[in-house]
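A.B. asks: Need coordinates for the below:
(one chain, ligands or ions: 1)
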Amino acid sequence: MAPSKVRKAVIPVAGMGTRFLPASKAIPKEMLTVVDRPTIQYIVEEVVASGIEEIILVTSAGKQAIENHFDYDFELDTILSRKNKKKLLEEVRHISELIDIVAVRQKKPLGLGHAIWTTRNVVGNEPFLVLLGDDLVLSTTPCCRQMLDLYEDVGEAIVAVQRVPMEETHQYGIVEGEQVRDGVLRVERMVEKPAPGTTDSDMAIIGRYLLMPEIFGLLEHTTPGHGGEIQLTDALQALAKKRGMYAYEFQGTRFDAGDKLGYLKAVVAYALRHPELKDAFRAYIKEVAEVV
Ligand code: UTP
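C.D. replies: Numbers count the residues shown, from 1 in each chain. Predicted coordinates for the structure are as follows:
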């Protein structure tokens with residue numbers, strides 16, 4: 001039997017963004033600009049390009065700018081029409097027409113696991129994607145589309161992974177398992193931020209997941225772990241045991257845009273790809289590299 005269709009994507013954006021203070025004090029970190037659009041727009045565009053029908057944003061107080069960005073702005077529309085700014089008008093309208101977006105409030109920042117759990121009634125009993133609102137993936141085929149293609153084959157939960165240097169494994173959720181084909185592992189164990197020397201695996205989980213609805217029941221029974229937060233990794237480990245789970249080494253480059261250095265790397269990488277800016281920007285980067 002073909003696995004049930006994945007129609008929905010959850011994007012949690014309710015975190016505090018402490019790593020990006022003071023920039024994230026009044027502006028959500030997901031609204032910081034990477035070249036000419038906020039981080040969150042790239043993520044929503046990845047979802048749309050992957051063929052998903054609906055987005056569920058997990059928001060919190062102070063994150064209204066994200067919802068507003070994807071809303072239709074009557075006043076702006078009228079002004080741009082009156083001034084005959086056709087290209088801008090098209091671009092602004094396009095953002096509000098991308099996809100249906102539903103917002104759910106996470107009332108306290110109790111962790112990523114809790115953020116996902118708050119969407120249980122909106123997601124319902126079907127598989128769904130999760131994309132972290134500050135994780136960007138630059139790729140030819142959208143990362144989510146790659147995961148959906150694998151899902152059509154394996155019909156179970158999938159976590160996207162990338163290899164990281166062994167000395168950095170303690171900063172990530174790490175997956176151990178048996179390789180079943182090129183770039184695909186059957187997950188046997190997951191460890192959140194393993195102490196040095198406690199794992200041989202360099203497969204780090206990034207902010208893209210394809211999950212089964214059973215995760216909600218498992219999250220409900222997950223006790224707060226590290227930092228008093230409800231961790232997703234514990235529930236993922238339980239899901240892997242219950243139903244099976246795959247780790248997928250996606251094609252592309254991931255940037256942690258919720259971290260200052262990761263954000264700067266993203267700006268450079270996206271600018272070097274931008275059709276109007278790339279040549280001038282490349283020349284500038286060369287010039288700077290010679291000076292420093
Ligand atoms: P992060 O740990 O990267 O985000 O969580 P954060 O908590 O905003 O960042 P710092 O560590 O304080 O700088 C990964 C994702 O999970 C969301 C975040 O918005 C981010 O997209 N998240 C995290 C929630 O939605 N709720 C939470 O309680 C925690």
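
A.B. asks: List, one by one, the residues from the stretch 51-200 of the chain near the ligand.
C.D. replies: Within the stretch 51-200 of the chain, the positions near the ligand by C-beta under 6 Å from any ligand atom are Val58, Gln106, Pro109, Leu110, Gly111, Leu112, His114, Ala115, Leu132, Gly133, Asp134. Quick note: C-beta positions are derived from backbone N, CA and C, even for glycine.

A.B. asks: at 5 Å instead, please
C.D. replies: Val58, Pro109, Gly111, Leu112, Ala115, Leu132, Gly133, Asp134 (C-beta under 5 Å from any ligand atom).

A.B. asks: Could I get the average pLDDT for stretch 250-257?
C.D. replies: Over the span of stretch 250-257, the pLDDT mean works out to 97.

A.B. asks: Which residues does it contact?
C.D. replies: Contact with stretch 250-257 is made by 29, 32, 34, 39, 134-141, 143, 146-147, 160-162, 206-208, 262-263, 265-266, 269, as judged by C-beta atoms under 8 Å, 6 or more residues apart in numbering.

A.B. asks: Swap in 6 Å and give it another go.
C.D. replies: For stretch 250-257, the external contacting residues (C-beta atoms under 6 Å, 6 or more residues apart in numbering) are 39, 134, 136-139, 143, 146, 160, 162, 206, 262-263, 265-266.

A.B. asks: which one among those residues gets closest to Glu168?
C.D. replies: Nearest to Glu168 among the contacts of stretch 250-257 is Gln162, at 10.8 Å by C-beta to C-beta.

A.B. asks: I'd like to know how far the closest one sits from the ligand.
C.D. replies: Gln162 sits 16 Å away from the ligand, going by C-beta to the nearest ligand atom, to the nearest Å.

A.B. asks: Quick one: the helices in the stretch 51-200 of the chain, in order.
C.D. replies: Using DSSP state H, counting those that start in this stretch, the helices assigned to the stretch 51-200 of the chain run over residues 64-69, 74-82, 86-96, 112-117, 120-123, 143-154.

A.B. asks: Look up which residues are beta-bridged to Ala157.
C.D. replies: Met245 (DSSP bridges).

A.B. asks: For it, give me the pLDDT.
C.D. replies: Looking at Ala157, its pLDDT is 97.

A.B. asks: repeat for Gly227
C.D. replies: According to the prediction, Gly227 has pLDDT 67.

A.B. asks: Could you do the one 4 residues further on as well?
C.D. replies: With respect to pLDDT, Gln231 has a value of 78.

A.B. asks: and the gap between it and the ligand?
C.D. replies: Gln231 sits 10 Å away from the ligand, going by C-beta to the nearest ligand atom.

A.B. asks: Quick one: mean pLDDT over stretch 262-269.
C.D. replies: Average pLDDT, stretch 262-269: 97.

A.B. asks: now do stretch 95-114
C.D. replies: On average, stretch 95-114 scores 90.

A.B. asks: low pLDDT regions in this protein?
C.D. replies: Along the chain, segments meeting pLDDT under 70 span 225-228.
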